[in-house]
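In: need a structure here:
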Amino acid sequence: MPDAAASLGMTPRTLIRRLKGEGSSFQDIKDALRRDMAIQSLQQGEASIDSIALETGFSASANFHRAFRQWTGRTPGSFRGRKRRQTEKLSLRD
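Out: Got it, this is the predicted structure:
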């Protein structure tokens, strides 16, 4: 967070106060970014779940699985499988 605050020209404490005033936190923003990156990677279907966990900043894939379930209500594998099935159904209609 110090780097983010510095790039915005403020102290970390000021950044924390401003985010709190907006009803957010640095962790909320970081989690939303991680979630969006993970969803995009899972939809593309090329990278392994373990590599997506590392790419999104998780030190262990178990932590990634737990966070992804909290974000979406699904495991990364079931999310990816559901997206694949939807894509297959769409391609069968064409």
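In: Please make it C-alpha for all contacts and neighbour counts, starting now.
Out: Noted.
In: Ramachandran coordinates for the nearest residue to M1 once chain neighbours are set aside?
Out: Leaving aside its sequence neighbours, M1 sits nearest to P12 (CA to CA, 6 or more residues apart in numbering; 6.6 Å). Geometry field for P12 lists phi and psi as phi -60, psi -40, criterion degrees, to the nearest 10.
In: quick one, what contacts the residue nearest to the spatial centre of the chain?
Out: Taking CA atoms, centre = their mean as the criterion, R35 is the residue nearest the geometric centre of the chain, at 1.6 Å. Contacts for R35 were tallied using CA atoms under 8 Å, 6 or more residues apart in numbering; they are F68, W71.
In: so which helix or strand takes in it?
Out: Taking DSSP states H and E as the definition, one finds R35 inside helix 26-44.
In: So for that helix, what gets flagged as buried?
Out: Under the neighbour-count criterion of 16 or more other CA atoms under 10 Å, helix 26-44 has D31, R34, R35, A38, I39, S41, L42, Q43 buried.
In: so how far is K30 from T14?
Out: Going from T14 to K30 by CA to CA, to the nearest Å gives 17 Å.
In: Oh, that last question was meant for A38, not what I typed.
Out: Distance, A38 to K30, using CA to CA: 12 Å.
In: Same check on G73?
Out: Distance check for G73 against K30: by CA to CA, it reads 19 Å.
In: low pLDDT regions in this structure?
Out: Low-confidence regions of the chain, defined by pLDDT under 70, span residues 83-94.
In: Pull the number of nearby residues for L8.
Out: Other residues within reach of L8, judged by other CA atoms under 10 Å, total 11.
In: now do W71
Out: Residues near W71, counting by other CA under 10 Å, number 14.
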